[in-house]
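Trainee: heads up, no residue letters with this:
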């Protein structure tokens, strides 16, 4: 089966449009995920503030900060921030004309 130059150009154009649409969808997905993770960080920070709000003195505050739950919230925030940083780098790469291989965690 022979393909004319016009048919080949049309096929290439259609394929490039698909790639472009996939890229835009990917950008939207990453942007939405960054927002969700940012909301999760805010939620975890509120949890820490709520724990600290129960302190009646500096000694109470030190005790609260030594709880496993407090440490878990801090770890959660750090992990979420790492994910946000990686996704932000991927988003910056996708915005380039030739993104190449995306950064992986």
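Mentor: Ah, there it is. Just so you know, these numbers come straight off a predicted model, no measurement behind them.
Trainee: didn't residue 40 look like it was pressed against residue 83?
Mentor: No. The pair residue 40 / residue 83 is not scored as a contact, 9.3 Å apart, by CB atoms under 8 Å. To be clear about C-beta, it is placed using only N, CA and C from the backbone, and glycine gets the same treatment.
Trainee: starting at the chain centroid, how far to the longest helix seen in the chain?
Mentor: Using DSSP state H, we find that the single longest helix of the chain is helix 5-53. Between the centre of helix 5-53 and the centre of its chain there are 8 Å (CA atoms, centre = their mean, to the nearest Å).
Trainee: Which elements pack onto that helix?
Mentor: helix 58-65, helix 68-94 (3 or more CB pairs under 8 Å, 6 or more residues apart in numbering; DSSP states H and E).
Trainee: Okay, now the unreliable bits of this structure?
Mentor: For the chain, residues meeting the criterion pLDDT under 70 lie at 19-21, 98-105.
Trainee: If we use 80, what do you get?
Mentor: Across the chain, the ranges flagged by pLDDT under 80 are 1, 16-23, 97-105.
Trainee: So which of the helices and strands packed on helix 5-53 is nearest residue 35?
Mentor: For residue 35, the closest of the helices and strands packed on helix 5-53 is helix 68-94, at 9.7 Å, according to CB to CB.
Trainee: Specify the local secondary structure of residue 97.
Mentor: Here residue 97 is recorded as coil under DSSP: H, G, I helix; E, B strand; the rest coil.
Trainee: Can you report how many residues lie near it?
Mentor: Residue 97 has 4 neighbours, counted by other CB atoms under 10 Å.
Trainee: ok, now residue 80?
Mentor: If you count neighbours by other CB under 10 Å, residue 80 ends up with 19.
Trainee: next one: residue 1
Mentor: Residue 1 has 2 neighbouring residues, counting by other CB under 10 Å.
Trainee: measure it to residue 7 for me?
Mentor: Noted for residue 1: a distance of 10 Å to residue 7, by CB to CB, to the nearest Å.
Trainee: swap in residue 86?
Mentor: Separation of residue 86 from residue 7 (CB to CB) stands at 42 Å.
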